[in-house]
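# Next come a sequence and a model predicted from it.
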Amino acid sequence: MSGRASSLSGTSSIQLATTREQIDRCFAVMRQLRPKLEAAEFAGRVEVQQREGYRLAYLEHESAVVAVAGFRVMHVLWSGKTMYVDDLVTDEAMRSRGFGEVMLCWLMELARQEGCETFSLDSGTHRHQTHAFYFRQGLRITDFHFQKPL
């Protein structure tokens, strides 16, 4: 973790959103990544995913949610036990202050603690600044993700 990120950790805390109130607090930041989400459906959708192993973490700084990450730990044939990050976003107004790095480092440390062999995420092809951030954090492009609406 860089000096900037480690200095933030004293005034910031990361928690798992386990109650509906905590989940709801994450909505405004998550919607910046997932603009089609509706507030009325958000907590219910997260709760369905939680029953499938999804966890929602949020970084709070000065009583405000500034970064959110949705992730799951799973076993896959090609890489073994892995942490897959479904969603990772920092509030637009709080970017470039080290919060994304704090969240990413926290996720990777949790993956190590849980015995994961790999850490992975997907990122939209249009998110160029985000990709530059991931490269600076040591992540590399190893695959293409293909999709078809059904």
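Everything's here; your move.
# give the contact list for residue 49.
Neighbour list for residue 49: residue 70 [criterion: C-beta atoms under 8 Å, 6 or more residues apart in numbering]. (Each C-beta comes from the backbone N, C-alpha and C, glycine too.)
# Residue numbering should commence at 15 henceforth.
I'll keep to 15 as the first residue from here, and by that count the last item is residue 63.
# And it, what's its pLDDT?
Residue 63 is assigned 97 on the pLDDT scale.
# do the same with residue 34
97.
# And for it, the neighbour number?
Residues near residue 34, counting by other C-beta atoms under 10 Å, number 13.
# List the contacts of the closest residue to it other than its chain neighbours.
Distances taken as C-beta to C-beta, 6 or more residues apart in numbering put residue 57 closest to residue 34, at 5.0 Å, once the chain neighbours are dropped. Contacts here follow C-beta under 8 Å, 6+ apart; on that basis residue 57 touches 34, 37-38, 41.
# Compare the residues you listed and tell me which is most surrounded.
residue 37 (21 neighbours).
# so residue 73 sits in a helix?
No: secondary structure of residue 73 (DSSP: H, G, I helix; E, B strand; the rest coil): strand, not part of a helix.
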